[in-house]
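1. Return a 3D structure for these sequence lines:
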Amino acid sequence: MGVADPVSKLGAAPADVANSCHKTNHLLYVAELELYQRAEISGNLRVPPVKADFWRSLIAVVVGNAVYFSLMRFLPLRAQHQPYQIDWGLAVDFWVCLVCYGLVRLVR
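-> Here you go, the predicted structure:
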């Protein structure tokens, strides 16, 4: 008794399996495209472009850092960032940038 061929147990050749996967991926792509077109026609399409998100994030980081570094001298010593160190100042700076990002998103 020899070892049985695993392909014969599956009932399909590897080429058939690859073809089946390709057809499934194509059908998923067509269905996704159809949903996208329906949402676009009905006006329910609310996918922000990547470029707009980049500019919002950039504005939030620049403004947040400007606010933090202008107020840093008035903050407690532990909340002041020391260059080239990981400290609580970085956390405070991140929080200020996060608040600025929320405000930018609110304004849009």
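
2. Could I get the phi/psi values of Q85?
-> When read as degrees, to the nearest 10, the backbone of Q85 gives phi -130, psi 150.

3. Just give me the neighbour total for it.
-> Other residues within reach of Q85, judged by other Cβ atoms under 10 Å, total 8. Where C-beta positions appear, they are placed from N, C-alpha and C, glycine not excepted.

4. Could you do L98 as well?
-> Look at L98: counted by other Cβ under 10 Å, it has 13 neighbours.

5. Do a quick rundown of the helices in this structure.
-> 6-10, 14-42, 50-71, 88-107 (DSSP state H).

6. Going by mean pLDDT, which of those helices comes out lowest?
-> Comparing mean pLDDT across the helices of the chain, the lowest value falls on helix 6-10: a mean of 51.

7. what pLDDT does M1 get?
-> As predicted, M1 sits at a pLDDT of 50.

8. What of M72?
-> At M72, pLDDT is 94.

9. Many thanks, I have nothing further to ask.
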